[in-house]
Every structure is written in structure tokens, then in C-alpha cells.
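Peer 1: Below: sequence and its predicted model.
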Amino acid sequence: KAGVTQTPRYLIKTRGQQVTLSCSPISGHRSVSWYQQTPGQGLQFLFEYFSETQRNKGNFPGRFSGRQFSNSRSEMNVSTLELGDSALYLCASSLGQGDADTQYFGPGTRLTVL
Amino acid sequence: TQLLEQSPQFLSIQEGENLTVYCNSSSVFSSLQWYRQEPGEGPVLLVTVVTGGEVKKLKRLTFQFGDARKDSSLHITAAQPGDTGLYLCAGAHTNAGKSTFGDGTTLTVKP
């Protein structure tokens, strides 16, 4: 079974631009969560989608948005990029239910904002 | 806010030594995961523990879930340079869809 895939792996943007990141979950997984990881803040939860609906949301500004498609693939969009948005963006998929629901991570997208 | 505290934050040891890292919370979790992450890559799942008091072994790694399902430990026997990485614990809640992550323990094993 293929793992979680994320595209692109690396991205360089300038301040004020917008960016869209893509995540394909493990087949059969209906939940996709997005995280931002920086050296100073660790793993910060952005949001989670389950069956095309946003089920949970972290404490990030409205510039960060996402969506999930009927095939469970998900995209994350960041508008009006700021220097502080430079980070590793991780996507994780899971079944989304049950006591032992476990998240499996993709390799991440390294975003650099200049 | 449900926090997971990991200790120590940094650990540097010689090859062959044993070590234990801890993951503590005041919250009860339905399950807890341990991940290992290398620079520039996503976290890789090592184990999921579900039952209070549960012990799982993965080669030289031993994972224990506390009886009250609020804490966990990871013990590595005879550490090797290949064990170097960031170890993250994450607590999950039933059907909650998101996990709470600790800040991680950065382990360096010197040859």
C-alpha cells in the first residue's frame, strides 16, 4: 500500500504571493491533517479534514485554508505569504475513527519565503 | 489546552549506551504514538499503544504506556548511530481526528 505523498517537496516563494500544497492520503484513509513544523515552535496543528469537511482547526490566521476532495486528497493554501510562513508543512492521514486511530505522515513540503 | 511534555529535550550519548525518554500529560488519551523524524523528512511511525500498562517491543526499542494512559516512555538498549533523530510522542483522542504532539527529544548517538 502506497504511503502518504505530498507535492511539491520544495517550494520557494516571495512575500505576498500565495501557495497551494497537495497531499494524497493512504488509500482508504478519510482523515487528512495538516501541520506546520518550525525549529522554534515544533509541530503546530493547522486543520483536519474528514469526508470533505473541516472537522478540527488550529490557531492559525485565515490566510491558511484547506479543502478535501471526494477521493480524500487534500490541498492547503496560504495566501499573502509572510517570511514567518517558512516551514516544513506536513500532511498526515488516518482512518479518522476508532480508539487506535494513528496518523501516518508524508515527507513534507519545505516552503521558503523570501 | 492538552499538552504533552517530553523529556529530555536533547540527549547526546555514546554508541552502546542505554537511554529512556519520557512523554507526560495531565490528560488521558485513547492511544499514544511514538514517531522518529530525520531532518527534512516527515515523522515515521514507530508504535501505537492503546491499553493502560501496555508494553511493546520493537527490536532494541521498548515502549510503555502508563496505567492511567496519561504518560509513556521509550527505552532504547545499546543505542546505535542510526537511532539518531527527533523522537516525537503524540496523544490521540477517539474520533477527534487530531493528535496532540510533544515538542520532541532530539537524540544524538555518537560512534
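Peer 2: Arrived safely, thanks for sending.

Peer 1: residues near B:V109, how many?
Peer 2: Burial of B:V109 is recorded as 20 neighbouring residues (other Cβ atoms under 10 Å in any protein chain shown). From N, CA and C alone the C-beta is placed, and that goes for glycine too.

Peer 1: the strands in chain B, which residues?
Peer 2: With DSSP state E as the criterion, chain B has strands at B:5-7, B:10-14, B:19-24, B:31-37, B:44-49, B:55-58, B:61-65, B:71-76, B:85-92, B:99-101, B:105-110.

Peer 1: Give the buried residues for the last one.
Peer 2: In this case it means strand B:105-110. Within strand B:105-110, the residues that count as buried by 16 or more other Cβ atoms under 10 Å in any protein chain shown are B:T105, B:L107, B:V109.

Peer 1: For those, give me TSV that also has pLDDT and distance to B:I76.
Peer 2: Output for these, formatted as TSV (pLDDT from 0 to 100; distance: Cβ to Cβ, whole Å):
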residue	pLDDT	distance to B:I76
B:T105	96	11
B:L107	97	8
B:V109	97	9
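
Peer 1: shaky segments in the chain?
Peer 2: I went with chain A, as the question did not name one. Chain A contains residues with pLDDT under 70 at A:1, A:99-100.

Peer 1: That was the other one, I meant chain B.
Peer 2: In chain B (pLDDT under 70), the answer is B:1-2, B:94-97.

Peer 1: which parts of it sit against chain A?
Peer 2: Neighbours of chain A within chain B, by Cβ under 8 Å from any Cβ of the partner chain: B:30-31, B:33, B:35, B:40-45, B:48, B:50, B:88, B:90, B:92, B:94-99, B:101-104.

Peer 1: on that earlier part again, export the strands of chain B to JSON lines and tack on distance to A:T7?
Peer 2: Converted to JSON lines, those look like this (distance: least, Cβ to Cβ, whole Å):
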{"stretch": "strand B:5-7", "distance to A:T7": "31"}
{"stretch": "strand B:10-14", "distance to A:T7": "33"}
{"stretch": "strand B:19-24", "distance to A:T7": "32"}
{"stretch": "strand B:31-37", "distance to A:T7": "20"}
{"stretch": "strand B:44-49", "distance to A:T7": "19"}
{"stretch": "strand B:55-58", "distance to A:T7": "31"}
{"stretch": "strand B:61-65", "distance to A:T7": "32"}
{"stretch": "strand B:71-76", "distance to A:T7": "32"}
{"stretch": "strand B:85-92", "distance to A:T7": "23"}
{"stretch": "strand B:99-101", "distance to A:T7": "23"}
{"stretch": "strand B:105-110", "distance to A:T7": "28"}
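
Peer 1: so which of these gets nearest A:S27?
Peer 2: Across the strands of chain B, A:S27 has its closest neighbour in strand B:44-49 (16.7 Å, Cβ to Cβ).

Peer 1: who does the closest one touch, helix- and strand-wise?
Peer 2: Counting contacts by 3 or more Cβ pairs under 8 Å, 6 or more residues apart in numbering or on different chains; DSSP states H and E, strand B:44-49 packs against strand A:104-105, strand B:31-37, strand B:55-58, strand B:61-65.

Peer 1: Smallest gap between chain A and chain B, at which residue?
Peer 2: A:F105 (3.7 Å; Cβ to the nearest Cβ).

Peer 1: how close does the closest residue to that residue other than its chain neighbours get to B:T51?
Peer 2: The shortest distance from A:F105 to any residue other than its chain neighbours is 3.7 Å, reached at B:G42 (Cβ to Cβ, 6 or more residues apart in numbering or on different chains). Distance of B:G42 to B:T51, given as Cβ to Cβ, to the nearest Å: 27 Å.
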